[in-house]
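1. got a predicted structure plus its sequence, pasted below:
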Amino acid sequence: MSEILKVEGLSKVYKKGAKAVDEISFSVNEGEIFALIGPNGAGKTSTIRMISTLIKPTGGDAFVDGHSIVREPDKVRASITYLPDEAGAYKTMKGIDYLYFMAGLFTSDSAQAEEYVKRAVDMCGLGDRLEEKIGGYSRGMIRKLLLSRAVMTRPRLAILDEATSGLDVINALDIRKTIKRLSAEEGMSFLLSSHNMLEIEYVSDRVGIMAHGKLMVTGSIEELKSRYNAANLEEVFERVVMSDEVR
Amino acid sequence: MKLGNLLKKELKELLTVQALFSMVFTCLLLICMGQIMGSAMDEAMNNSTVNIINYDSSDFTDEMIKKLPDYGADPKIITAEPGADYSALMEENELDNLVVIPEGFGDKIVNGSESVSLDCISLINKSGMASTMSSISAASLTEAISDYVGNYIETEKIQLSEEEINLIKDPVIEVEYTASNGRTVQVTSDVLSSILMTQSLIAPMAVFFLILMASQMIMTAISTEKIDKTLETLLSAPVSRITVLVSKMIAALVVALLNAASMMIGFVFYVQGMTGSAIRAETAEAELEMGTSVTEAMAQLGMTLSAGNIVLFGLQLFLTIAIGLSLSLILGAMATDVKSVQTLTIPIMMLTMVPFFVTMFSDVNSLSPMFRTIMYIIPFTHTYTAMSNMMFGHMGLFWAGLAYQCVFFVVCMYLAVKVFTTDLLFTMNFSVDGGKKKKIGVK
């Protein structure tokens, strides 16, 4: 299985000297759902922002579909989509117009853009509500719109930060199913970040646990449960994060 | 009780440190501006001497000049050959007014029964309220002469003829001239000053609105993207940050131009409605007296802008807005919430407002060296003074201002691009939290 994302010794030190990410390395395979989990301030969002080319690493590199995030950020952006935590959409736009606007940033071919939008419309399930302004949408509707926007272009890697945060059970389940389906049926790769252990256990193929900027451990859910003699991912998380090594 | 509780909470939310800072700052600013403008006007009044060229050698005129201080005028005597170029003479000696007493003036008063003429020349070399100073000073001198002559006729001539009685009422006729740009034309400077005042109000007002609108628009555009968290989505799409930056700047510029245009159309009609009739009446009277149009007189004095000047002004206006936009981009990128946006607009407002009011009421060059330097450091000052500089031939000042603005723009744009294309866009934050926490720092 080929690697879609390869992270090599990635580091981020902010100006105040805080080491947000400390030489982490991991990879995400084609069609794989990889989740980064960790307590607040562990460095998950900084890692995701670096891979999304929003901020520059101070050390190391990462390669998306073979393109360096440091040297070829434009090519990386063409291969990924990013859904930030608590992301919003332009409130004065109609849902459908937002999809066309975003599609227009990924392609100049109108037929291609039309296809992207059709795919997003089918996926988001918002129906006629897409003709309404986003300002009137509920949080769940916005998240569905944004998720469909994130996958409509069939990116090589979709990066989702807290994809279901703040959503009710039904909406969250709907989004999890969509992620699993896209991975299984279309071979799309996902890099997720979440605090919800149940969600991660349900959707992820492999997990990386971060603490204090370091990637403490990576592996499949079953591997980790077995290694840490835990009944579920939550217990694995607790044992890794509370270990002497981390403290 | 409930109302009190709610009121306490509302006041606590509204009376934040930035709100109090804004109040105190505005108050101090107005006090400071009043001081600057007041001292500039006082200085202009104090430094504004009244000047006389006396071609008359009669005892009456000598005596009159000696006695003029008793009538509220203390003229400085200027010597010049008959037929001298008054405009050049005034420029050379830095005189802003000149009253010429013709040969035979005294004899006509003592022996005659007709009004005598005096040539009153006012130099206009600046716009705004400062332009009226020269004519005010000249008027005070002719009034003093008129009073002296009227008093002489009344006291010295025991038996007054009917003509002499009429003469007491209006003994001296002022023939008003205006000098500017090395030329002298027979036109009352009051009319020109009024027109210049209107012009000096409308053009800077347009500049003022344009800078404010464009700046606020771009600041809102950037900060809203940050606050609504749409910026990260946008910048992770396959589009360069420079393209995003340029599209935002152009959009803000277009909307600001439309806004400023609509506002200015309304404002022009407002000004015309308020002052138009008075100026028109004064202009018509002046045109009747001199037998030529005021527009023609202004053209003769070189007080009109050429097509080249207008193009240069347009260029400078564009540069000014670009400076406003780039500064606002930097400030907008720091915003973390609505309150911080409000606070961050204050510097732009101050930089726009201070030179606007100062240039409207006084001539920057007449300010004290410290205030003059402060004013010239503010890049927008050069746009407010551009039209006046071009109109009065101070092209050195104009080019220096334009060059400074170019440098300022390059620096601001470099910083804006730096902020927009680096981590600073996400890490540089300015937040004001209920007046308790205030920081500029890295997240």
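-> That came in fine, so what should we check first? Numbering: from 1, shown residues only, chains lettered A, B, ... in the order given.

2. element containing residue 61?
-> All of this refers to chain A. strand A:59-64 (DSSP states H and E).

3. not what I meant, chain B
-> helix B:59-67.

4. for that helix, what is the average pLDDT?
-> Helix B:59-67 shows a mean pLDDT of 86.

5. buried set for that helix?
-> For helix B:59-67, the buried set under the neighbour-count rule, 16 or more other Cβ atoms under 10 Å in any protein chain shown, comprises B:Phe60, B:Thr61, B:Met64, B:Ile65. Bear in mind the C-beta positions are built from the backbone N, C-alpha and C, glycine included.

6. would a markdown table of the residues you listed with distance to B:Gly72 be doable?
-> Below are the buried residues of helix B:59-67 laid out as a markdown table (distance: Cβ to Cβ, whole Å):
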| residue | distance to B:Gly72 |
| --- | --- |
| B:Phe60 | 19 |
| B:Thr61 | 18 |
| B:Met64 | 14 |
| B:Ile65 | 14 |
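
7. enumerate the residues of chain A near chain B.
-> A:14-16, A:49, A:52-56, A:74, A:77-78, A:80-84, A:86-91, A:102, A:105-106, A:146, A:149, A:159 (Cβ under 8 Å from any Cβ of the partner chain).

8. and these, which are buried?
-> Counted by 16+ other Cβ under 10 Å, the residues of chain A next to chain B give A:14, A:49, A:52-55, A:77-78, A:80-84, A:87-90, A:102, A:105-106, A:146, A:149, A:159 as buried.

9. taking those one by one, which sit in strands?
-> Judged by DSSP state E, those include A:Ile80, A:Thr81, A:Tyr82, A:Leu83, A:Ile159 as members of strands.

10. what is the nearest of those to chain B?
-> Chain B lies nearest to A:Tyr82 out of these, by Cβ to the nearest Cβ, at 3.8 Å.

11. what residues are bridge-paired with the closest one?
-> A:Ile159 (DSSP bridges).

12. I'd say B:Trp335 and B:Leu344 touch.
-> If you look again at residue B:335, you'll see it is Ala, not Trp. Yes - assessed by Cβ atoms under 8 Å, B:Ala335 is found in contact with B:Leu344 at 5.8 Å.

13. which neighbours do these two have in common?
-> Shared contacts of B:Ala335 and B:Leu344, defined by Cβ atoms under 8 Å, 6 or more residues apart in numbering or on different chains, are found at B:Met219, B:Ser223, B:Phe430.

14. of these - the most surrounded one?
-> Most neighbours among the shared contacts of B:Ala335 and B:Leu344, by other Cβ atoms under 10 Å in any protein chain shown: B:Met219, with 26 neighbours.

15. so that residue, which of the three states?
-> Taken by DSSP: H, G, I helix; E, B strand; the rest coil, the conformation at B:Met219 corresponds to helix.

16. so which residues of chain A form helices?
-> A:44-51, A:73-79, A:95-106, A:110-124, A:139-152, A:169-186, A:197-203, A:221-227, A:233-241 (DSSP state H).

17. now for those, which one comes closest to B:Ile227?
-> Among the helices of chain A, the nearest to B:Ile227 by Cβ to Cβ is helix A:139-152 (15.1 Å).

18. what's near enough to touch the closest residue to A:Val121 other than its chain neighbours?
-> Distances taken as Cβ to Cβ, 6 or more residues apart in numbering or on different chains place A:Leu130 nearest to A:Val121, at 6.4 Å, with adjacent residues excluded. Neighbouring residues of A:Leu130 by Cβ under 8 Å, 6+ apart: A:Lys94, A:Gly95, A:Ile96, A:Leu99, A:Val121, A:Cys124, A:Leu145.

19. please apply the same query to B:Ile222.
-> Applying Cβ under 8 Å, 6+ apart, the residues contacting B:Ile222 are B:Leu231, B:Lys248, B:Ser328, B:Leu329, B:Gly332, B:Ala333, B:Ala335.

20. can you tell me which of those residues comes closest to chain A?
-> The nearest member of these to chain A, counting by Cβ to the nearest Cβ, is B:Leu231 at 8.9 Å.

21. go ahead and confirm the closest one touches B:Ala221.
-> No - using Cβ under 8 Å, B:Leu231 makes no contact with B:Ala221, being 10.2 Å away.

22. how near is the nearest residue to B:Leu301 once chain neighbours are set aside to B:Leu192?
-> Nearest non-adjacent residue to B:Leu301, counting by Cβ to Cβ, 6+ apart: B:Ser180, 4.3 Å away. B:Ser180 sits 8 Å away from B:Leu192, going by Cβ to Cβ, to the nearest Å.

23. what residues does the stretch 101-250 of chain B put near chain A?
-> By Cβ under 8 Å from any Cβ, the part of the stretch 101-250 of chain B that sits against chain A consists of B:Asp228, B:Lys229, B:Thr230, B:Glu232, B:Thr233, B:Leu234, B:Leu235, B:Ser236, B:Ala237, B:Pro238, B:Val239, B:Ser240.

24. thanks a lot, catch you later.
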